[in-house]
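Chemist: A predicted structure for the sequence below; I have some questions about it.
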Amino acid sequence: MTTVRSSAAALAASAALCVALAPAAVADDTTAGTASPSPAASPSPLAASPSPAAGAPARLPAGLYGTKDPTHDGVWRQSLAMLGQYAAGLRPANSAILWLKSQQCADGSFPAYRPDPAVPCDLNTATDVNSTSAALQALASVGGQREFMQKAVGWLRLAQNKDGGWGRTNGAPTDANSTALVIGSLTTAGAHPGSMRSLDGKNGYDALITLAIPCDAATGAGAFAHQPGPSGTLVADNDATAAAVLGGIGKRMVAAPVSPGPAPTCHKSAHPTPEFTARNGAAYLARILAEDGHLDQSALPGAPAGPSRPDPGNTADAIVALGAAGYGDKATGALDWLKKNSASWAAANGPAAWAQLIFAAHTAGVDPHHFGGVDLVERLNATGPAPIPVPALSPSSTIPASAQAAAVREASVGKAQAALWVIAVGLVVCVGAAVYVSRRRRSVRS
């Protein structure tokens, strides 16, 4: 279908050239020329950001998504917004890409937010693992960012803990969320997560396994803990489990669905593998979703347990994790719940929340433009600079973004060459017709 459209466009171009050539070849006396209309002015990719909300800086940088104060989440929400557009078949605006790149420090790390990128990072710059990992995935999705990506991977290697995992900041104790996020980022960058080992010979998968709750546990069987408790006990954490399932199978945030297989069940093993523990985690998620239709909000580490509150973000992450692991059919009820209960949550939380919902729709195979009566893509795009459509770009959990971009470029070159052939043939026909008509007129006059 795309080839047919390209050929049609080329023929239209040939026809336009024929019209342009015909007056010069067959005019009897004089032909009045018609000026072409001036093209409409296109918006600059560096247009000013929307007016900031209360509590935000006086003026937000051009290219940044969202209007709230970015001090604690600027790079995170920017990265997720760009990935959300990628999942929707769009390319972020150049200003958005440039802003994200400007946040990287010379050592390859990213902080949550650098108010003035012209000021070099120093020991007081609070860089963190989650921001760096998210930025790495976002830059990989746009292609052509190898230098920035390699620097980020190098910093993540230095930030790895002895147990093979990562904490939120360099040197912080390992947690399941950050470790799983790094694993997905390394996969996106074309690095094998299992090959990045600490001084003790451990990798990220090893760290995740230590945070998995055994299947014979009285509570939380199969789930993952965010971190061990003070006495080393593991307490099930919904958010950590959704992240660890995705990381355990080596997938990034934008994950393609896998055809459903047998129902997940929790199995004991004396020597569990990363995928084994991830599928046990999937069994836990499927069980909770079957009971409640959604996941509840995870308690902050060290905070006293309070009343359960449904969490659209955790639920969206669980849908992605189950779909990417081949258990998407166990998340259909949660998907229906999310469609009915997520719009107000996303509106209050901004770009990253809209992106999480797009990730869930993408993995579940539903249209993000019609998600419970809400156009998720339109809502996300409204939070920042307008993106650029990228025809036929289909995110995949296995094909690196750079390879996809190369394929798109190859296809574009092929179509361009085909179009040039059509135009050339058209021109030959035009010239021949013009000569024929001109000779006929001379013959009639004589």
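Modeler: It's in. Note that the structure is a prediction, hence the values are computed from the model and not measured.
Chemist: CA atoms for contacts and neighbours, from now on please.
Modeler: Noted.
Chemist: Let me see the contact set for the closest residue to D329 other than its chain neighbours.
Modeler: For D329, ignoring the flanking residues on the chain, the nearest one in space by C-alpha to C-alpha, 6 or more residues apart in numbering is P260 at 6.4 Å. Residues in contact with P260, defined by C-alpha atoms under 8 Å, 6 or more residues apart in numbering, are 323, 326-329.
Chemist: where along the stretch 151-300 of the chain do the helices fall?
Modeler: In the stretch 151-300 of the chain, the helices defined using DSSP state H, counting those that start in this stretch lie at 176-188, 204-210, 238-248, 274-292.
Chemist: and the gap between the most centrally placed residue in the chain and A96?
Modeler: Residue closest to the mean C-alpha point of the chain, counted by C-alpha atoms, centre = their mean, is L83 at 2.0 Å. For L83, the distance to A96 (C-alpha to C-alpha, to the nearest Å) stands at 12 Å.
Chemist: same deal with P230?
Modeler: The value you get for P230 to A96, if C-alpha to C-alpha is used, is 42 Å.
Chemist: Out of these two, name the residue with the larger neighbour count.
Modeler: A96 (26 against 8; other C-alpha atoms under 10 Å).
Chemist: So which elements touch the strand or helix carrying that one?
Modeler: In the assignment (DSSP states H and E), A96 maps to helix 94-102. For helix 94-102, the packing partners by 3 or more C-alpha pairs under 8 Å, 6 or more residues apart in numbering; DSSP states H and E come out as helix 74-87.
Chemist: Partner strands of the helix or strand following the helix it packs on, with direction?
Modeler: Reading on from helix 74-87 to the C-terminus, the next helix or strand found by DSSP H and E is strand 90-91. Its sheet considered, strand 90-91 pairs with strand 388-389 (antiparallel) by DSSP bridges.
Chemist: ok, now how distant is the closest residue to L83 other than its chain neighbours from R77?
Modeler: With sequence-adjacent residues excluded and distances taken as C-alpha to C-alpha, 6+ apart, L83 is closest to A138, at 5.5 Å. Distance, A138 to R77, by C-alpha to C-alpha: 11 Å.
Chemist: now A324
Modeler: 22 Å.
Chemist: for the helices of the stretch 151-300 of the chain, which one ends up most surrounded?
Modeler: Each of the helices of the stretch 151-300 of the chain was scored by mean neighbour count; the highest is helix 238-248, a mean of 30, by mean count of other C-alpha atoms under 10 Å.
Chemist: who does it touch, helix- and strand-wise?
Modeler: Helix 238-248 packs on helix 176-188, helix 204-210, helix 274-292, helix 312-325, going by 3+ C-alpha pairs under 8 Å, 6+ apart.
Chemist: Contacts for it, please.
Modeler: 176-177, 179-181, 183-184, 205, 208, 223-226, 252-253, 274-275, 277-279, 281-282, 285, 295-298, 314, 317-318, 320-322, 324-325.
Chemist: Apply 6 Å and report the result again.
Modeler: 176-177, 180, 183-184, 223-224, 226, 274-275, 278, 281, 314, 317-318, 321 (C-alpha atoms under 6 Å, 6 or more residues apart in numbering).
Chemist: that older thread, ramachandran coordinates for the residue nearest to D329?
Modeler: In terms of degrees, to the nearest 10, the main-chain angles of P260 are phi -60, psi 140.
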